[in-house]
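A.B. asks: Build me a model from this:
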Amino acid sequence: MSIRSRGSSSRSRNCSNRINLEFDVDSELDVENSLHKVDVLLGALAELRAGLVEEARLFREREPEVARLNPNPRRQKRAQRRDEAWPIVR
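C.D. replies: Presented below is the predicted three-dimensional model:
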C-alpha cells in the first residue's frame with residue numbers, strides 16, 4: 001500500500017472476491033478518519049476470525065455424527081487430509 005497526498009488505496013483479492021480500501025491523508029481530519037477506519041476494520045476482522053474458529057470447532061463436534069449418518073469414504077478421506085493440513089483450528 002502506498003501513501004499519496006490524494007489518498008491511499010490497497011487491494012486484496014482471491015479468485016472471485018475483491019476488497020478495495022481507500023484512505024485519505026490530505027488533512028489532519030482525513031488522517032484521523034482513515035485511522036478510525038483501520039481500527040474499525042481490525043475490530044471487524046478480529047470478530048470474523050473468532051467466529052470462523054468457533055464455527056470450525058462446532059463443525060468438528062458435529063462431524064462424527066454426520067459421518068455416522070452419511071457414511072461416505074471420499075468424505076472421510078477429505079476430512080483426514082483437511083485435518084492434516086489445518087491443525088490450528090482443532
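A.B. asks: ok, residue 84 - how many residues close by?
C.D. replies: By the criterion of other C-beta atoms under 10 Å, residue 84 has 8 neighbours. The C-beta positions use only the backbone N, C-alpha and C, and glycine is treated the same way.
A.B. asks: So which elements touch the helix or strand in which it is found?
C.D. replies: Using DSSP states H and E, residue 84 falls within helix 73-85. Contact here means 3 or more C-beta pairs under 8 Å, 6 or more residues apart in numbering; DSSP states H and E; on that basis helix 73-85 packs against helix 28-69.
A.B. asks: Identify each buried residue in the helix holding residue 84, please.
C.D. replies: Within helix 73-85, the residues that count as buried by 16 or more other C-beta atoms under 10 Å are residue 79.
A.B. asks: next one: that helix to chain centre, how far?
C.D. replies: Here the centre of helix 73-85 is set off from its chain's centre by 22 Å, with C-alpha atoms, centre = their mean, to the nearest Å.
A.B. asks: Then stretch 21-32?
C.D. replies: Per C-alpha atoms, centre = their mean, the centroid offset for stretch 21-32 relative to its chain is 25 Å.
A.B. asks: do the same with stretch 43-50
C.D. replies: Worked out by C-alpha atoms, centre = their mean, stretch 43-50 lies 8 Å from the chain centre.
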